[in-house]
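**Student:** I need the structure of the sequence given here:
(chains A, B and C)
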Amino acid sequence: MAIITLTTDFGLKDHYVGSVKGAILNQSPSAVIIDISHQIEKFNIQDAAFILKEAYPNFPKNTVHIIGLQTEYTASGGYVALEHNEHFFIGADNGIFSLIFEEQPKTIVEIQINPKLKSIFPVRDIFTGIACKLASGTSIKNIGNPKQNLVQRLPFRATSMGNIIRGSVVFIDSYGNVITNIDRSLFEQIGKGEQFVIELARNNQIERISNEYNEVPEGELLAIFNSSNHLEIAMRNGTINTMLNLKLNDSITIRFQ
Amino acid sequence: MAIITLTTDFGLKDHYVGSVKGAILNQSPSAVIIDISHQIEKFNIQDAAFILKEAYPNFPKNTVHIIGLQTEYTASGGYVALEHNEHFFIGADNGIFSLIFEEQPKTIVEIQINPKLKSIFPVRDIFTGIACKLASGTSIKNIGNPKQNLVQRLPFRATSMGNIIRGSVVFIDSYGNVITNIDRSLFEQIGKGEQFVIELARNNQIERISNEYNEVPEGELLAIFNSSNHLEIAMRNGTINTMLNLKLNDSITIRFQ
Amino acid sequence: MAIITLTTDFGLKDHYVGSVKGAILNQSPSAVIIDISHQIEKFNIQDAAFILKEAYPNFPKNTVHIIGLQTEYTASGGYVALEHNEHFFIGADNGIFSLIFEEQPKTIVEIQINPKLKSIFPVRDIFTGIACKLASGTSIKNIGNPKQNLVQRLPFRATSMGNIIRGSVVFIDSYGNVITNIDRSLFEQIGKGEQFVIELARNNQIERISNEYNEVPEGELLAIFNSSNHLEIAMRNGTINTMLNLKLNDSITIRFQ
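**Tutor:** So this is what the prediction gives:
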């Protein structure tokens, strides 16, 4: 029996998470259910996509990931199951998958639902059943008909012009660390080892990349490539963001000499 | 080994939830423990009753549900274990069971405790032991002596007079959706398909029932029967309650033509 | 397969907890993972030490406890695995262990890491691997080289002079209960059964010890020895701390006649 993970904006207080877990265990008593997050910002697909993209590769192959966010059924989107990188994903085709995967997923199928049985709680009433099938080894081809295209939302990507990289804030974690969409390969390709300045709000700037948080004194700003090789602006044992007041999608510029 | 669920007002920060789970695993290493909620409003029996009532029917038969709320031992109430609808429940007899079940539970037993061993942490010290016994198949009749009556608290129920239904708010979820105690069968019985107006605070009103959240534009009010057939006042992708400022137990009136 | 618990300041929203659980399951598919808390105050070792100290003895022998807090690698501290009271602990040697254990732990080993592989996410990249080894029965002696001393931080301890005990606040739980470092044995040794006054902020005082929360009327102050025999100042069904405004490390004095 494979693992089933949950990524939702349900919050942890209400009965929704418990109901979904109950429904899974009712169908697959030996299922292993793992919470990735239930505290995604309400209705925020970008937030959910970032968290799931970072977390899912840590799980074993064949893990099934349920996305419980913006799950209202629409004729244009509908519900889909995907296989990619030997993981399975179930959710509404609301654009979130285009933010999680940089390439076209290997297999996409459309989940057929009886219009008369349309549920206002599809995570519990529809997704758990599909998840239990996939977790118990049912081939994704038997879940639904192949689908070619997913709803696309354009992720913000870092761009470069000459010796300047312009990226943006893609996530601010609970420590106040600011994670950008600038990855190490772009940085090295444009920078070629030259000196640089990372320009931040309120005239703050950083002129070096740290390898560890504790390379700088407590309370000082630093830039570091995080565990998924994205440039992160952080403050050692402090909350950078009180100081810089950066927001999601704010731009970050790196100027090389 | 059956499942053991937890519904408490412990919160998630302190050592209480971890201690209870440790105690369960110490007694039943293969127990499957599922959190329903630990963020019940402190001491709020109505809040816990609603959440557990909605969540528990999703679990498999023979699941054991521990209620960790208002668990101080009182001579009048004491601690009880119940069997109802093929589920088991353990908690203090503080009135919560009268809010969860509309009928008298099938079996009620009183949990005997040694007065010298009275604990100020009965969920860990008493309830986990009972839960492990029930989860491993011990008959509830061997848990304690039969008890006839439970402490009663009167739940607010929707009432009707002529062509008017008067209900009240029983829960406000983390999306700001307002769930009422008006169920579909009362609505249909009184309404007989006639036109109606749902009267809400601040001169807002709704004149139709939606089948899905996305039948209305974003940010617009709607009324829908939720997944347990209770009338819910919601706002598509928005937080209704900032607008209406409804509170628990506020009244909701439906006037049919 | 033993149990692996997590005590961190990661919070529950971000991808960190999910990533760590995924990494554990990737290495040990049958691991049982239990959250003790992910809502430790950021970087607060005292907070984490208190919660883990209270929770861990409830778990079965051989449980492995991962501490994910202040985990930056420092040459002075480094990462350690410990065995004590037949439980295992993994964390950075940042002083936290001296706050959890009153005696020297039975076995301490240093976790060797390849400096080139130093991670900025050691809980996921280093601790999970060690935890899975210990949970599957690898001897702690095979985890690393013995280490004699741990970084020491002096815990605040209650002291006495004549007929006065002076202690301090070590934890304030989510109910607002104030837990002190005054334990029952010191209280009995100094007090010898005499009358006493517990002196609190704002001229509040308590002159007796309760055995249960419900010995006093709702909303009234009480003192009680909690389930780990520490003196706790509480308010029945209320939030004492709104009234007293006590803070961590504030002093509490007991004056016997």
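**Student:** Which residue, other than its chain neighbours, is closest to the residue in the stretch 151-257 of chain A that chain C sits nearest to?
**Tutor:** For the stretch 151-257 of chain A and chain C, the shortest gap (CB to the nearest CB) falls at A:S174, measuring 3.7 Å. Placement of C-beta: from N, CA and C, glycine included. In space, and not counting its chain neighbours, A:S174 is closest to C:G11: 3.7 Å by CB to CB, 6 or more residues apart in numbering or on different chains.
**Student:** From B:N177, how far out is that neighbour?
**Tutor:** Plainly put, C:G11 is 25 Å away from B:N177 if you go by CB to CB, to the nearest Å.
**Student:** Could you check which of the two has the larger neighbour count?
**Tutor:** Applying other CB atoms under 10 Å in any protein chain shown to C:G11 and B:N177 shows that B:N177 carries more neighbours, namely 20 against 17.
**Student:** Verify the contact between the more buried one and B:A234 for me.
**Tutor:** Yes - between B:N177 and B:A234 a contact is recorded at 4.4 Å, counting by CB atoms under 8 Å.
**Student:** Around chain B, which positions in the stretch 51-200 of chain A sit nearby?
**Tutor:** Taking CB under 8 Å from any CB of the partner chain as the contact definition, the stretch 51-200 of chain A meets chain B at A:Q70, A:E72, A:Y73, A:T74, A:K118, A:S119, A:I120, A:F121, A:R124, A:D125.
**Student:** quick check, nearest of those residues to B:N58?
**Tutor:** A:R124 (6.8 Å; CB to CB).
**Student:** Confirm for me that the closest one is in contact with A:V17.
**Tutor:** No - A:R124 is beyond contact range of A:V17, at 10.0 Å (criterion: CB under 8 Å).
**Student:** Among the two, which residue is more densely surrounded?
**Tutor:** A:V17 (24 against 20).
**Student:** What count of nearby residues applies to the nearest residue to A:Q70 once chain neighbours are set aside?
**Tutor:** Among residues not flanking A:Q70 along the chain, A:N94 sits closest, at 4.4 Å (CB to CB, 6+ apart). For A:N94, the count of nearby residues is 24 (other CB under 10 Å).
**Student:** Same check on the one 10 residues further on?
**Tutor:** In terms of burial, A:Q104 registers 12 neighbours under the definition other CB under 10 Å.
**Student:** Quickly find the element holding the residue of the stretch 151-257 of chain A closest to chain C.
**Tutor:** Using DSSP states H and E, A:S174 sits within no helix or strand.
**Student:** Would you double-check that A:I120 falls in a helix?
**Tutor:** No - if the criterion is DSSP: H, G, I helix; E, B strand; the rest coil, then A:I120 is coil and not within a helix.
**Student:** Contacts only, for it.
**Tutor:** B:E212, B:Y213, B:I224, B:N226, B:S227 (CB atoms under 8 Å, 6 or more residues apart in numbering or on different chains).
**Student:** Can you convert those into a markdown table and add a column each for distance to chain C and neighbour count?
**Tutor:** Output for the contacts of A:I120, formatted as a markdown table (distance: CB to the nearest CB, whole Å; neighbours: other CB atoms under 10 Å in any protein chain shown):
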| residue | distance to chain C | neighbour count |
| --- | --- | --- |
| B:E212 | 28 | 15 |
| B:Y213 | 24 | 20 |
| B:I224 | 28 | 20 |
| B:N226 | 25 | 19 |
| B:S227 | 25 | 18 |
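**Student:** okay, now the domains of chain A?
**Tutor:** A:3-146, A:159-256 (automatic domain parsing).
**Student:** Got a quick PyMOL command for the buried subset of the residues of the stretch 51-200 of chain A next to chain B?
**Tutor:** Per 16 or more other CB atoms under 10 Å in any protein chain shown, the buried members of these correspond to this PyMOL selection:
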select buried, chain A and resi 70+72+73+120+121+124+125
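**Student:** Reformat the residues of the stretch 51-200 of chain A next to chain B as CSV; add pLDDT and distance to A:E207.
**Tutor:** Shown next, in CSV, are those (pLDDT from 0 to 100; distance: CB to CB, whole Å):
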residue, pLDDT, distance to A:E207
A:Q70, 92, 41
A:E72, 84, 48
A:Y73, 78, 51
A:T74, 73, 48
A:K118, 74, 56
A:S119, 84, 55
A:I120, 87, 53
A:F121, 93, 52
A:R124, 97, 51
A:D125, 95, 54
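**Student:** For the residues of the stretch 51-200 of chain A next to chain B, work out which two are farthest apart.
**Tutor:** Farthest-apart pair in those is A:T74 and A:R124; separation 18.8 Å (CB to CB).
**Student:** Skip the chain neighbours and tell me the closest residue to the residue in chain A that chain B sits nearest to.
**Tutor:** For chain A, the residue closest to chain B is A:G22, as judged by CB to the nearest CB, at 3.2 Å. Leaving aside its sequence neighbours, A:G22 sits nearest to B:N58 (CB to CB, 6+ apart; 3.2 Å).
**Student:** Next: A:P29.
**Tutor:** B:P60 (6.2 Å).
**Student:** where do the helices sit along the stretch 51-200 of chain A?
**Tutor:** For the stretch 51-200 of chain A, applying DSSP state H, counting those that start in this stretch gives helices covering A:96-100, A:122, A:128-135, A:184-191.
**Student:** CSV for those helices, including mean pLDDT and mean neighbour count?
**Tutor:** Putting the helices of the stretch 51-200 of chain A into CSV (pLDDT from 0 to 100; neighbours: other CB atoms under 10 Å in any protein chain shown) gives the following:
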stretch, mean pLDDT, mean neighbour count
helix A:96-100, 95, 23
helix A:122, 94, 21
helix A:128-135, 98, 23
helix A:184-191, 95, 15
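**Student:** can I get these in JSON lines with distance to chain C?
**Tutor:** Shown next, in JSON lines, are those (distance: least, CB to the nearest CB, whole Å):
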{"stretch": "helix A:96-100", "distance to chain C": "12"}
{"stretch": "helix A:122", "distance to chain C": "22"}
{"stretch": "helix A:128-135", "distance to chain C": "13"}
{"stretch": "helix A:184-191", "distance to chain C": "13"}
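**Student:** Let me know the next secondary structure element after the helix or strand harbouring A:L222.
**Tutor:** Assigned by DSSP H and E, A:L222 falls within strand A:221-225. Next along the chain after strand A:221-225, taking DSSP H and E as the criterion, comes strand A:230-235.
**Student:** got a list of contacts for that next one?
**Tutor:** Against strand A:230-235 from outside (CB under 8 Å, 6+ apart): A:167, A:170, A:175-184, A:187, A:198, A:200, A:206, A:209, A:213, A:219-226, A:240, A:243-244, A:246, A:252.
**Student:** Derive a PyMOL selection command for the buried subset of these.
**Tutor:** In PyMOL, this line selects whichever of the contacts of strand A:230-235 come out buried by 16+ other CB under 10 Å:
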select buried, chain A and resi 167+170+175+176+177+178+179+180+181+182+183+187+198+200+206+209+213+221+222+223+224+225+226+240+243+244+246+252
